[in-house]
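Engineer: Any chance you could fold what I've pasted below:
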Amino acid sequence: MKTRFCLVLLLFALAAAALRAGEFSFSCRTDKSPLEYALGEKMTFTLRLLEDGEPLPGKKLVWTRTGDDGRKESGEASSDSPLVIETSIDRPGFVRIKVDPFDADGKPLMRGRDKFGFDGGAGAAVGQIGGGEIPEDFDAFWAAQKAELAKIPLKVLEMKEVDSGDPAVKCYDLKIACAGGMPVSGYLCMPKNAEPKSLEAELLFRGYAVVGASRPVKQGKERIAFQINAHGIENGRPESYYNELKNGKLRAYGFRDDENRERETTYFRGMVLRLLRALEYLKSLPEWDGKTLAVSGGSQGGFQALAAAALDPDVTQCFAGIPWLCDLSGITRGRLRGWRPNYAPGLDYIDSAFFGTRIKCPVTIEAGLGDYVCPPSGVAALYNGISAPKKIVWKQGRTHAYSPRNAETFVQEAE
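Structural biologist: Okay, the predicted model is just below:
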């Protein structure tokens, strides 16, 4: 009995220890704002590995420095003291600092099932970072696409009421006729019994994935909220339906070099046509107040929001979180690549940075200094090209998938 009692105590102790297992993080400080360095100026990064906010000694830190200048440096250090990295960059662009911690056995520290580490950086002459050369016929091309869209009557193909889970909100699974081979497909939510011309409207987008839309019930409590999926596919279907598309027809969509050589065949052309038709539909609803028309999304959804704001002058607000497809030709000029299609001429017509130059409404952007799905240089090129009122919030150590809880934040804003 005593042995069993001791075993129970041991199990409780182990469980308590597991519950006390700390949360790993990195603190990172630069000797000035990471957006304010001059060309060639020394940048000093001071990093500290933490557990539950306290310094964590006894770990090995392996770091690398890369950047938009093509230079690469690396080294190792102990977490017993702060890691100090000094570097610079001699052209407008960003430096990337990546730090991976390992325990005494050489095993990487983990955050759940994922490897834990730091990814961040700083830029020099950030306000001078620009995109590539916009095609002379950029506007003419999109005017022609709008003309093609106009040949397809605005018609609801399917409208099925679905459960919103909120008695105050009605929700519909919608399909709307569109040019480009696929319909608009999404969920529309709004307050029940709304009066004519009483509601603002918002069009929402999702990131890169082969999935249906989600029901924007929360947004639909106070406004017309329409979330569309990127492909015009069915919503609310079993996972097997989406897996079949992901492994078949929509496998690696947007990354096919042969499609991206021509502006008419790039996959994103159809995506843009669908968002334009979705905006057209929202503006046709009697409940819309005729004034406020917002667009929002993150990653690929950020690209879609920027395209919507650029191509529809009725859009009044644009939010683009960690926006994708910025400065796609930047990799031909030595900038860090990120996760993106290979550059091809057709992509010049869907570049988020180029769409940004056409936006007239206020724009808010969120970005990560460690996001190398959507590299900081591309997002800076987007921001710098916008002439409308704009704001960008940068977070140190933010990657595409992870945002540190206490990340240092830096804001740029212009009216």
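Engineer: Contacts only, for the residue nearest the centre of the chain.
Structural biologist: Centroid-nearest residue in the chain, with C-alpha atoms, centre = their mean: residue 299, separated by 2.3 Å. With contact taken as C-beta atoms under 8 Å, 6 or more residues apart in numbering, residue 299 is in contact with 207, 208, 321, 322, 323, 324, 373, 374, 400. For every residue, glycine as well, the C-beta is placed using N, CA and C.
Engineer: between these, which is nearest residue 45?
Structural biologist: residue 400 (20.5 Å; C-beta to C-beta).
Engineer: per-residue confidence at the closest one?
Structural biologist: pLDDT recorded at residue 400 is 97.
Engineer: Using the three-state scheme, assign it.
Structural biologist: Here residue 400 is recorded as coil under DSSP: H, G, I helix; E, B strand; the rest coil.
Engineer: Also residue 161?
Structural biologist: Under three-state DSSP, residue 161 comes out as strand.
Engineer: so what's it closest to, chain neighbours aside?
Structural biologist: Spatial nearest neighbour of residue 161, excluding adjacent residues (C-beta to C-beta, 6 or more residues apart in numbering): residue 172 at 5.5 Å.
Engineer: now residue 190, nearest residue through space, not along the chain?
Structural biologist: Excluding the flanking residues, the one nearest residue 190 by C-beta to C-beta, 6+ apart is residue 224, at 4.6 Å.
Engineer: okay, that neighbour: pLDDT?
Structural biologist: Note for residue 224: predicted pLDDT of 98.
Engineer: what's the neighbour count on it?
Structural biologist: 25 (other C-beta atoms under 10 Å).
Engineer: Specify the beta-bridge partners of it.
Structural biologist: residue 201 (DSSP bridges).
Engineer: What's the separation between it and residue 214?
Structural biologist: As judged by C-beta to C-beta, to the nearest Å, residue 224 and residue 214 stand 16 Å apart.
Engineer: returning to what we had before: which of the contacts of residue 299 sits closest to residue 131?
Structural biologist: residue 323 (12.7 Å).
Engineer: Going by secondary structure, the residue nearest to residue 161 is in what exactly?
Structural biologist: strand 169-176 (DSSP states H and E).
Engineer: Name the strands paired with that strand and say parallel or antiparallel.
Structural biologist: Strand 169-176 has these strand partners (DSSP bridges): strand 156-162 (antiparallel), strand 184-191 (antiparallel).
Engineer: hey, which of those strands is tucked in deepest?
Structural biologist: Sort those by mean neighbour count, taking mean count of other C-beta atoms under 10 Å, and strand 184-191 sits at the top with a mean of 25.
Engineer: So for the closest residue to residue 405 other than its chain neighbours, what pLDDT did the model give?
Structural biologist: Closest residue in space to residue 405, ignoring its immediate chain neighbours: residue 25 at 7.3 Å, by C-beta to C-beta, 6+ apart. Per-residue pLDDT puts residue 25 at 95.
Engineer: in its sheet, what does the helix or strand hosting residue 25 sit against?
Structural biologist: Assigned by DSSP H and E, residue 25 belongs to strand 24-30. Next to strand 24-30 in the sheet, as set by DSSP bridges, lie strand 43-51 (antiparallel).
Engineer: got the contact list for the strand it pairs with?
Structural biologist: 22-31, 34, 37, 55-56, 59, 61, 79, 82-89, 95, 97, 99, 101, 118, 122, 124.
Engineer: and these, which are buried?
Structural biologist: 24-28, 30, 34, 37, 56, 59, 61, 79, 83, 85, 87-89, 95, 97, 99, 101, 118, 122, 124 (16 or more other C-beta atoms under 10 Å).
Engineer: centre of the chain versus stretch 175-189, how much separation?
Structural biologist: 23 Å (C-alpha atoms, centre = their mean, to the nearest Å).
Engineer: And that stretch, end to end?
Structural biologist: 14 Å (C-alpha to C-alpha, to the nearest Å).
Engineer: one step back: out of the contacts of residue 299, what pair is the most spread apart?
Structural biologist: 208 and 321 (13.2 Å).
Engineer: The residue nearest to residue 360 when sequence neighbours are not counted: what's it in contact with?
Structural biologist: Setting aside the residues directly before and after it, residue 360 is nearest to residue 388 in space (C-beta to C-beta, 6+ apart), at 5.3 Å. Going by C-beta under 8 Å, 6+ apart, residue 388 touches 359, 360, 361, 362, 363.
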